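J.: Quick one: sequence plus predicted model below, questions after.
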Amino acid sequence: MSRRYGGNPAATIILIVADIAALILILWIAFYLFEANSANDLVSWVHDAANWLAGWSRDLFTVDNDNWRTVLNFGLPAVIYLLVG
């Protein structure tokens, strides 16, 4: 945690929360692409959290391929969380 998290404590908290949100979204993309077991508690929790975090961008892109749709609809919020954070 070098320069990114140095400085104002409030800014540090916002950065950490944005990074965790992006991590959850990226984890869900990886779980979906590698067809993780949806009955697993961790996979289910990450899916629910990712759905909540990406609720504002749900079905923003309507691509025919399910893999691309997931990458676009969950990847965009991850990038935005990282940029805004």
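T.: Cool, got the structure.
J.: Give me the residue at the spatial middle of this structure.
T.: By CA atoms, centre = their mean, the mean C-alpha position of the chain lies nearest to L25, the distance being 1.7 Å.
J.: Please name the nearest non-neighbouring residue to that one.
T.: Counting by CB to CB, 6 or more residues apart in numbering, A78 is the residue found nearest to L25 once chain neighbours are left out, at 3.9 Å. For the C-beta atoms, the positions are set from N, CA and C on the backbone; glycine is no exception.
J.: and that neighbour, what is it in contact with?
T.: When contacts are counted by CB atoms under 8 Å, 6 or more residues apart in numbering, A78 touches A21, A22, L25, I26, I29.
J.: between those, which has the most around it?
T.: L25 (27 neighbours; other CB atoms under 10 Å).
J.: Okay, now the unreliable bits of the chain?
T.: Residue ranges of the chain with pLDDT under 70: 1-4.
J.: Look through it and tell me its longest helix.
T.: Ranked by residue count, the top helix of the chain under DSSP state H comes out as helix 9-33.
J.: other SSEs contacting the helix or strand just after it?
T.: On the C-terminal side of helix 9-33, the nearest following helix or strand under DSSP states H and E is helix 41-53. Contacts defined by 3 or more CB pairs under 8 Å, 6 or more residues apart in numbering; DSSP states H and E place helix 41-53 against helix 9-33, helix 66-84.
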